[in-house]
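# pasting a predicted model and its sequence here:
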Amino acid sequence: MVAGIVSAATLGYLTVAACYIATRLAYARIRRGGPRLPPVGPDELDPFDLAMLAGGRQRMGEVALAELYLSGRAVARGRGLVSRPQQAEQQQSRLSPTPFARLLDARLDPSRSVAAVRLVRLAAGADPATGVLWRLRRLGLFVAPERLARVTLPRTAAWGLHTLIGAAGVIAGGGAVLWATIPAGQRLHAVPLVIAAVLIVYPALVYAGARALGAMQGAVAVAAAATAAALPVLPSPREPAALLALLAGWWLLHGLYRGTGGTLGPRTAAGDALLTEAGAEAGDAGSAASALRSTSLLGFRALRRGRRGREPLPPEHAEFAAVCSFAAACGAGVGRPDRGLGGNFGCDGGTGDWRREGSAAAAVRRRPGRGPEAAA
């Protein structure tokens, strides 16, 4: 039975690995056949266009919320709640012509608070967001949805099988812990007490691992550690050793998934090039406008954590610092990756590079009147 389970899991691993590699090659071919130079410059896109390009619909909602805050029409009440100020400022800044901030402004009231994540979802689900999405597609900054679906659908199915195997390994790891904690001479009498203990401790450890490392990654890591700890205690180490090997294979497969691009973002090489140029020019506008554009490029999640790394470095000014504080006050629920209409931005790092195929770095050029062109 153990040999059959190992063979089936190995066959599943090979199938998933082949799908990951094949979809990544197909994705690179799609990017190579698409535009590499953006037809417009960053200054021709408003903050909501940049937000859609950088992080999808949810990012647009974050920018709309930040605009309300910078205009003096919204304040954070703590615990992820937002409301209109009790005493409105005498000189409120004018809102942009785009309808997103105005839509949220109509929902705010001084007498009651609204969850910030609800406002973000409201702006993200508004009809004008679809218009922005299709405009960026017409500009060649997003891959056509029918072409992207040829890659994302089989890759999502492979990830589902990958996750299913990991979940089975987590359950089996709990079984190994349960079997190891029952005393050898009292395996029947101690079962109720031991099961109660394992059902409390093991799920708590799995939850902590999922919070620390990510949902399935953390759970599999805890299962592997628990199985390794139970290995010397079990009378028959063959089964837990096979389980430990399968969990190690799961991590190797996850490394292949991340190494081949993760969820494969929807941007073309031209879209990546435009974002790179927008990050280099983030401080050209006035401070309030620059704070909004920085929010578009970074998002509340990065502003809240203070992460820079690969993200464009925003200008340091009072408005930007205020938006960072506002993002922190809105809570961890705001700023999660967008996995809805338009593409999956969950693991999209803003580049499609893989062996330099469809690379955005080589595609960044300055348009006429903006300086010398980079080598293609």
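Yes, it's here.
# can you give the distance of the helix or strand bottoming out on mean pLDDT in the chain from its chain's centre?
Every helix and strand of the chain was ranked by mean pLDDT, DSSP states H and E. The lowest is helix 191-213, at a mean of 80. How far helix 191-213 lies from its chain's middle: 27 Å, per C-alpha atoms, centre = their mean, to the nearest Å.
# could you list the residues in contact with the helix or strand that that helix is followed by?
Sequence order places helix 215-230 as the next helix or strand after helix 191-213, per DSSP states H and E. Here helix 215-230 makes contact (C-beta atoms under 8 Å, 6 or more residues apart in numbering) with 163, 166-167, 169-170, 172-174, 176-177, 179-181, 202, 205-206, 208-213, 240, 243-244, 247-248, 250-251, 254. In this view, the C-beta of every residue, glycine as well, is placed from N, C-alpha and C.
# now do the SS call for residue 73.
At residue 73 the chain is in coil, as set by DSSP: H, G, I helix; E, B strand; the rest coil.
# which helices and strands does the least confident helix or strand of the chain pack with?
Contact partners of helix 191-213 among helices and strands, from 3 or more C-beta pairs under 8 Å, 6 or more residues apart in numbering; DSSP states H and E: helix 145-181, helix 215-230.
# picking up where we left off before, are any of the contacts of helix 215-230 buried, and if so which?
Among the contacts of helix 215-230, the ones that count as buried by 16 or more other C-beta atoms under 10 Å are 163, 166, 169-170, 172-174, 176-177, 179-181, 202, 205-206, 209-210, 240, 243-244, 247, 250, 254.
# just give me the neighbour total for residue 60.
Per other C-beta atoms under 10 Å, the neighbour tally for residue 60 reads 30.
# got a list of what it touches?
Going by C-beta under 8 Å, 6+ apart, residue 60 touches 48, 51, 52, 100, 123, 124, 129, 132.
# next up, the contacts around the residue nearest to residue 220 when sequence neighbours are not counted.
In space, and not counting its chain neighbours, residue 220 is closest to residue 166: 4.8 Å by C-beta to C-beta, 6 or more residues apart in numbering. Contact partners of residue 166, counting by C-beta under 8 Å, 6+ apart, are 216, 219, 220, 250.
# distance between whichever strand or helix holds residue 277 and the chain's centre?
For residue 277, the host element (DSSP H and E) is helix 269-280. Its chain's C-alpha centre and that of helix 269-280 lie 19 Å apart, by C-alpha atoms, centre = their mean.
# good, we can wrap up now.
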